[in-house]
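Trainee: 3D, please:
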Amino acid sequence: MATQNFPPGTYGPQTPASNDVFLATGGPAVTHIVDTGGYYTFAVNINDGVNNVQIGDLSGHGFDIQATNPGGTAVQVLGDYAQILGNTLTANDATVNGNGADLITGAGADHLNVQGNQFLGTGFALAYVNGALDTYTSSHDVNFVNNTFNGTSTAGVDLVFDAASGNISGNTFINGTADEAAIYLGHLSKASSDYFNDHYGTTYHAEAGTITLANNTFTNFAGPDIITFDADFDFGNGGAGHTLTSTVDNSGKETLTLVGYRSGDNIDLNHSVTATKVVQNGKGEVDVYLSDNDLLIVKGDNIKAKDVAADLGTDLHVNNGNHYGADHGNHFGWDHGAGNPHADGFLLA
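Mentor: All right, here's what the predicted structure looks like:
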């Protein structure tokens, strides 16, 4: 690896080569990488085919990375095996559906580790992970761990995560009073790809993979904490102790598993999806069979099917053991379309 040590100071835009390691000797408080170009320019740009790049570390050698003009992005990652560690990222994009963000990844940018960073900007999204939903190209093994999101998303969601697999754990999402949600998962199942194809004339396909979201904390979000195609999740205690797993199997069926469900949590169904039955499965599990053939599994101490059914807003109670039906067509979330003129697939509609 080619390690480059940056002494305190202010530097212009950087374009690393494969295997580069960028370290700030004085840390982010005194070491700045700044882009002033505006629309579709980057303070740090890891190009397609540039792999194994590390920006910062977890020992105090990260950077303050800024995109100061609207439309600019602090960090873009198109290559594989990138590590973005211990940095402060700030974009300044005041326009909804603009192109600016603290961090944008390209579809197909795999094996990404984003850890220990602060996302402080005003961007379209604070972080946007492109995937098959954006460009028909899947992204895999994308990981956000122990980051803090304390900026403002002009489009309403701090982390848009369209990868097919990865880990979102230990992150802190703060000051979401004006935001629709903290996290949007755009993992394509058969049900979601069929929906988008029907509505937008696209040709999406389900993509197998698993995304795990564990022990994230959420503060003051106007809407739910996590949005998925089938359901929204809002945690009464701010998210501590909850794990949500989204798994799409090879047939395209999605299983959402929520562990740690407790009083005060709320689950709403999306896209006219309904619960066809809600079944007690042992003392600590309730299985919710959905009208689009996906499955929602809810686990918690002494959880009861009737409570989950009530949380889903059922208006039908079939008194047949622990079998509850529902017609709950709440739609709270974003629809993704195709055709946005963003060359890197950065789209939300």
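
Trainee: Next, the buried residues of stretch 201-208.
Mentor: Of the residues in stretch 201-208, 202, 204, 206, 207, 208 count as buried by neighbour count, 16 or more other Cβ atoms under 10 Å. Any C-beta I mention is one placed from the backbone N, CA and C, and that applies to glycine too.

Trainee: The third one contacts residue 196, doesn't it?
Mentor: No. Residue 206 lies out of contact with residue 196 (Cβ atoms under 8 Å); the separation is 11.2 Å.

Trainee: List the residues that contact residue 283.
Mentor: Residue 283 makes contacts with residue 302, as judged by Cβ atoms under 8 Å, 6 or more residues apart in numbering.

Trainee: Are we agreed that it is in a strand?
Mentor: No. Under the criterion used here (DSSP: H, G, I helix; E, B strand; the rest coil), residue 283 is coil, not part of a strand.

Trainee: can you list the buried residues of stretch 201-208 in JSON lines and add pLDDT and secondary structure?
Mentor: Shown next, in JSON lines, are the buried residues of stretch 201-208 (pLDDT from 0 to 100; DSSP: H, G, I helix; E, B strand; the rest coil):
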{"residue": "202", "pLDDT": "93", "secondary structure": "coil"}
{"residue": "204", "pLDDT": "95", "secondary structure": "coil"}
{"residue": "206", "pLDDT": "96", "secondary structure": "coil"}
{"residue": "207", "pLDDT": "95", "secondary structure": "coil"}
{"residue": "208", "pLDDT": "97", "secondary structure": "coil"}
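
Trainee: Check those against residue 302 and report the nearest one.
Mentor: residue 208 (33.6 Å; Cβ to Cβ).

Trainee: and residue 101, how far is that from residue 81?
Mentor: Shown here: residue 101 relative to residue 81, a distance of 21 Å by Cβ to Cβ, to the nearest Å.

Trainee: ok, now residue 235?
Mentor: 32 Å.

Trainee: What residues does residue 295 make contact with?
Mentor: 253, 254, 255, 256, 287, 288, 289.

Trainee: repeat for residue 188
Mentor: Contacts for residue 188 (Cβ under 8 Å, 6+ apart) come out as 131, 132, 133, 164, 204, 205, 206, 207, 248.

Trainee: Quick check: nearest residue in space to the fifth one, chain neighbours excluded?
Mentor: Closest residue in space to residue 204, ignoring its immediate chain neighbours: residue 193 at 3.8 Å, by Cβ to Cβ, 6 or more residues apart in numbering.

Trainee: quick one: average confidence on the helix or strand where the one you found lies?
Mentor: With secondary structure defined by DSSP states H and E, residue 193 is part of helix 190-200. Averaging the model's pLDDT scores along helix 190-200 yields 95.

Trainee: neighbour count winner among residue 101 and residue 81?
Mentor: residue 101 (32 against 17; other Cβ atoms under 10 Å).

Trainee: Give me the neighbour count for the nearest residue to the more buried one once chain neighbours are set aside.
Mentor: Using Cβ to Cβ, 6+ apart and skipping the chain neighbours, the partner closest in space to residue 101 is residue 123 (3.9 Å). For residue 123, the neighbour count with other Cβ under 10 Å is 35.

Trainee: Distance check, the residue nearest to residue 204 against residue 295.
Mentor: Taken as Cβ to Cβ, the span from residue 193 to residue 295 is 17 Å.

Trainee: Can you report how many residues lie near the residue nearest to residue 204?
Mentor: Neighbour tally, residue 193, other Cβ under 10 Å: 21.

Trainee: That one contacts residue 187, doesn't it?
Mentor: No. Using Cβ under 8 Å as the test, residue 193 is too far from residue 187 to be in contact (10.3 Å).

Trainee: next helix or strand past the helix or strand containing residue 91?
Mentor: Following DSSP H and E, the helix or strand that holds residue 91 is strand 88-91. Going down the chain from strand 88-91, the next helix or strand is strand 101-105, by DSSP H and E.
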